[in-house]
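Novice: sequence plus predicted model, see below.
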Amino acid sequence: MNRQPTARILSTGTEITQGLYADTNAMNLTRLLSGFGFRILGHEAVPDDPSAVEEAIRSTFGRCDLLVMTGGIGPTDDDRNREVLARVAGEELVRIHRAEVMLREVFERRGVEMPERNLRQTYIPRGAVPFLNHWGTATAFMLPGQADRPIIVALPGVPSEWRAMMDRYLPTKILPAFPSRSITVLRTLHVGMLPESTVDHMLHALFDSDPTAEFTLLARPGHIRVRILATGDDEAICRQTVDRLAKEAVALLPEGSVFSQDGEETTIEEVVVERFAEAGKTIALAESCTGGGVAQRITAVPNASSVLVEGIVCYSNDSKRRRLGVQAETLETEGAVSEACVLEMAAGALQESNADVAVSISGIAGPTGGTEEKPVGTVWFGLADRNGRREAFKRWFPRGRARVRQMSEAQALNMLYRWLEGLDLRVDGK
């Protein structure tokens, strides 16, 4: 019977412990290692203090199979992790010749003279396995386990560097040290515009239905990720388990609410761009309270130019009249945050752009501007397409200005996805 190895993550850097930067390395390493069958027992962050780092390392002895460290192996005086780990291992530091050659080549390509202090990045404890850095300058390494000391991997703190190094060295150097590791298979369902509590209620019956599988819900504004992780000795059986549970979960959720089953970090804007490009359809946007946020999310996706014709930020009433043809009477009698206004905004954007579909947004993001009839968080959405479809609906998003904007962006993107799929524009169909 295979077993699930355990791991801990140690992030070093005073900038983390002072709250200047979020510890995203720990979060992303957890996702990576969990996907390869490791059970993460904990995260810890310590400042660039050799005694604090050594204490944190020694505290993991006998408590995990693998310790992964990030940071502290750069060229500056506060990068002391290699010396600390050499002391922990009772070994001297030795220079890796190939690492030195690569380091000098980096500076030659830059046309800059290399400071001699940078050579300290080419040293690792004797007996450690070097991880040559083809993406930066610091040489990473793996210290073999001994007695109750776990296998220790020291990585750079720069996310792009450690990610590239793990892609190369995790399967070739780290995983072979755990031959009896359990197999894990992960599937993530991406659910749009349903509250986390609603998804939890709808899927609750599945959560304990299979002892080899684990469900986790992760919430973002307008986006719930349902992670289904199966663990066992046979990859084919694990895959069958997640396939079955994913199919059952989709059947329990409203039609079309699952907009993707691919990838851990898939976003609704990525799916919209991909699907619209495949269908040869184009989009126009008329944004008021979101200030171009929907267009920004779409244009962050490669190939967005093939689907987004234009986005108009019509923040003022005057802009709505001049740019989109919204009637002055509509603004005077119904107001900018109204069904009539967003329908005229969408129709105007459609006419101006000649796109296949246009979506409009107008709301009160706050913290001021609300009334008893239209409280802060009230947002109207409109849609117009080339086939004469005209629809609008209202949503209310509480919890502050940023939240209102984020939820409104997510709603607009989900409208586009659902329009292309021939579904009701809202998950609840109202």
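Specialist: Now that the structure is in, tell me what you want to look at. These numbers come from a predicted model, not from an experiment.

Novice: list the neighbouring strands of whichever strand or helix holds residue 392 plus their orientation.
Specialist: Secondary structure assignment for residue 392, by DSSP states H and E: strand 390-396. Sheet pairing of strand 390-396 (DSSP bridges) gives strand 378-385 (antiparallel).

Novice: so what's the backbone phi/psi at residue 21?
Specialist: The main-chain torsion angles of residue 21 are listed as degrees, to the nearest 10 and equal phi -140, psi 140.

Novice: neighbours of it, how many?
Specialist: The number of residues packed near residue 21 is 13, by other CB atoms under 10 Å. C-beta: built from backbone N, CA, C; applies to glycine.

Novice: quick check: the gap between it and residue 89.
Specialist: According to CB to CB, to the nearest Å, residue 21 stands 29 Å off from residue 89.

Novice: tell me the mean pLDDT for the helix or strand that comes right after the strand holding residue 392?
Specialist: Toward the C-terminus, strand 390-396 is succeeded by helix 401-420 as the next helix or strand (DSSP H and E). Mean pLDDT, helix 401-420: 97.

Novice: and for stretch 370-382?
Specialist: On average, the pLDDT along stretch 370-382 is 95.

Novice: ok, now stretch 199-211?
Specialist: 96.

Novice: picking up where we left off before, tilt between the strand holding residue 392 and helix 401-420?
Specialist: Angle of strand 390-396 versus helix 401-420, following axes from the mean of the first three to the mean of the last three CA atoms, to 10 degrees, is 150 degrees.

Novice: which residues touch strand 390-396?
Specialist: 339, 342-343, 346-347, 375, 377-384, 407-408, 411, 425-426, 430 (CB atoms under 8 Å, 6 or more residues apart in numbering).

Novice: run through the residues that contact residue 132.
Specialist: Contact analysis of residue 132 by CB under 8 Å, 6+ apart lists 96, 98-99, 102, 139.

Novice: that one and residue 151, how far apart?
Specialist: Applying CB to CB, the value for residue 132 to residue 151 is 19 Å.

Novice: next one: residue 355
Specialist: For residue 355, the distance to residue 151 (CB to CB) stands at 55 Å.

Novice: same deal with residue 175?
Specialist: 11 Å.

Novice: more neighbours: which of these two?
Specialist: Ranked by neighbour count (other CB under 10 Å), residue 175 and residue 151 place residue 151 first, with 21 against 15.

Novice: show me what the more buried one is bridged to.
Specialist: For residue 151, the beta-bridge partners under DSSP bridges are residue 66.

Novice: so it touches residue 141, yeah?
Specialist: No. Applying CB atoms under 8 Å as the test, residue 151 and residue 141 come out as separate, 11.2 Å apart.

Novice: list the contacts of the closest residue to residue 156 other than its chain neighbours.
Specialist: If the residues on either side of it in the chain are set aside, residue 156 comes closest to residue 138, at 4.6 Å by CB to CB, 6 or more residues apart in numbering. Counting by CB under 8 Å, 6+ apart, residue 138 makes contact with 73-75, 79, 121, 156, 161.

Novice: how about those in JSON lines, adding pLDDT, secondary structure and neighbour count?
Specialist: Below are the contacts of residue 138 laid out as JSON lines (pLDDT from 0 to 100; DSSP: H, G, I helix; E, B strand; the rest coil; neighbours: other CB atoms under 10 Å):
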{"residue": "73", "pLDDT": "96", "secondary structure": "coil", "neighbour count": "27"}
{"residue": "74", "pLDDT": "93", "secondary structure": "coil", "neighbour count": "19"}
{"residue": "75", "pLDDT": "93", "secondary structure": "coil", "neighbour count": "15"}
{"residue": "79", "pLDDT": "93", "secondary structure": "coil", "neighbour count": "20"}
{"residue": "121", "pLDDT": "95", "secondary structure": "helix", "neighbour count": "23"}
{"residue": "156", "pLDDT": "96", "secondary structure": "coil", "neighbour count": "27"}
{"residue": "161", "pLDDT": "95", "secondary structure": "helix", "neighbour count": "19"}
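
Novice: now, which of these sits nearest residue 58?
Specialist: Nearest to residue 58 among the contacts of residue 138 is residue 73, at 18.5 Å by CB to CB.

Novice: test my guess that that closest one contacts residue 139.
Specialist: Yes. Residue 73 lies in contact with residue 139 (CB under 8 Å); the separation is 7.4 Å.

Novice: okay, and the common contacts of the two?
Specialist: Counting by CB under 8 Å, 6+ apart, the contacts common to residue 73 and residue 139 are residue 121.

Novice: in its sheet, what does the host helix or strand of residue 310 sit against?
Specialist: Assessed by DSSP H and E, residue 310 sits inside strand 308-313. Using DSSP bridges, the strands paired with strand 308-313 are strand 283-287 (parallel).

Novice: which strands and helices lie in contact with the helix or strand following the partner strand?
Specialist: Next in sequence after strand 283-287, counting helices and strands by DSSP H and E, comes helix 293-299. Using 3 or more CB pairs under 8 Å, 6 or more residues apart in numbering; DSSP states H and E, the elements in contact with helix 293-299 are helix 268-279, strand 283-287, strand 308-313, helix 401-420.

Novice: verify the contact between residue 285 and residue 312 for me.
Specialist: Yes. Using CB under 8 Å, residue 285 is in contact with residue 312, at 6.8 Å.

Novice: what about the strands in the stretch 51-200 of the chain?
Specialist: Remark: strands assigned in the stretch 51-200 of the chain by DSSP state E, counting those that start in this stretch are 66-70, 93-95, 123-125, 129-131, 140-143, 151-155, 183-192.

Novice: select from those the stretch with the lowest mean pLDDT.
Specialist: Ranked by mean pLDDT, the strands of the stretch 51-200 of the chain bottom out at strand 183-192, with a mean of 93.

Novice: quick check: pLDDT value at residue 430.
Specialist: According to the prediction, residue 430 has pLDDT 65.

Novice: quick one: contacts of stretch 96-114?
Specialist: 118-119, 121-124, 130, 132-134, 137, 139.

Novice: please apply the same query to stretch 248-263.
Specialist: With CB under 8 Å, 6+ apart as the test, stretch 248-263 has contacts from 187-194, 199, 202-203, 205-206, 226, 228, 246, 266, 268, 271, 414, 417-418, 421, 423, 427-428.

Novice: and the residue nearest the centre of the chain, which of the three is it?
Specialist: Centroid-nearest residue in the chain, with CA atoms, centre = their mean: residue 265, separated by 4.6 Å. Put simply, residue 265 is coil when judged by DSSP: H, G, I helix; E, B strand; the rest coil.
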